[in-house]
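Asks: Sequence first, predicted coordinates after that:
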Amino acid sequence: MAKKSFRCKLVTPAAALVDGEVSYASVPAWDGLIGFLPGRSAFLGKLGTGELRLDMAGDKSGESKSFLVDGGFIRMADDQMTILAETALPADAIQPGAAEAELKAAQTEDNPDKRARAKARARVMSQLANSRN
């Protein structure tokens, strides 16, 4: 019988945010979204900026957790996913005004690459904050 979940750990330099069973993960890689199901072949990739969605399994089956992630790496092997994110912010911790403040700060950035990354981060923050309302 096929497994219906896999282990997922989400960690940042500051905290361990998730350590549990997941039935599906939608991960923002640097070049687009990637979906993961149990039994996925080995994978190593670079994270981009976007929404990480984890569909929980086990006791929390049916619950989805969303995070704003920005940079880092993901590894999937033997039905164990490890996400090492530079930053990860739970969607329910994002205040609606934070996205506007982030966008204003991005517009003052001199470096075009940093400005584009900050604008992408502000856009995702806005989407996550508005999706809760």
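Replies: Happy to help now that I have it.
Asks: from here on, contacts and neighbour counts on C-alpha atoms
Replies: OK.
Asks: looking at the protein, which helix or strand does the model trust least?
Replies: Counting by mean pLDDT, DSSP states H and E, the chain has its least confident helix or strand at helix 96-107, which shows a mean of 78.
Asks: how far away is the residue nearest the centre of the chain from residue 90?
Replies: Nearest to the mean C-alpha position of the chain, by CA atoms, centre = their mean, lies residue 52 at 2.6 Å. Residue 52 is 9 Å from residue 90, where distance means CA to CA, to the nearest Å.
Asks: quick one, the helix of greatest length in the chain and helix 96-107 angle?
Replies: Assignment by DSSP state H gives helix 112-131 as the longest helix of the chain. Going by axes from the mean of the first three to the mean of the last three CA atoms, to 10 degrees, helix 112-131 is angled at 170 degrees with respect to helix 96-107.
Asks: on that earlier part again, list the helices and strands the least confident helix or strand of the chain packs on?
Replies: Applying 3 or more CA pairs under 8 Å, 6 or more residues apart in numbering; DSSP states H and E, one finds that helix 96-107 contacts helix 112-131.
Asks: Give me the buried stretch members for the helix it packs on, please.
Replies: By neighbour count with 16 or more other CA atoms under 10 Å, helix 112-131 contains the buried residues 115, 117-129.
Asks: The residue nearest to the centre of the chain touches residue 32, doesn't it?
Replies: No. The criterion here is CA atoms under 8 Å, and residue 52 misses it with residue 32 at 11.6 Å.
Asks: Average pLDDT for stretch 8-26, rounded please.
Replies: Across stretch 8-26, the average pLDDT comes to 95.
Asks: what does stretch 65-79 give?
Replies: Averaging pLDDT along stretch 65-79 gives 95.
Asks: So which bits of it are buried?
Replies: For stretch 65-79, using 16+ other CA under 10 Å, the buried residues are 66, 67, 68, 69, 70, 71, 72, 73, 74, 76, 79.
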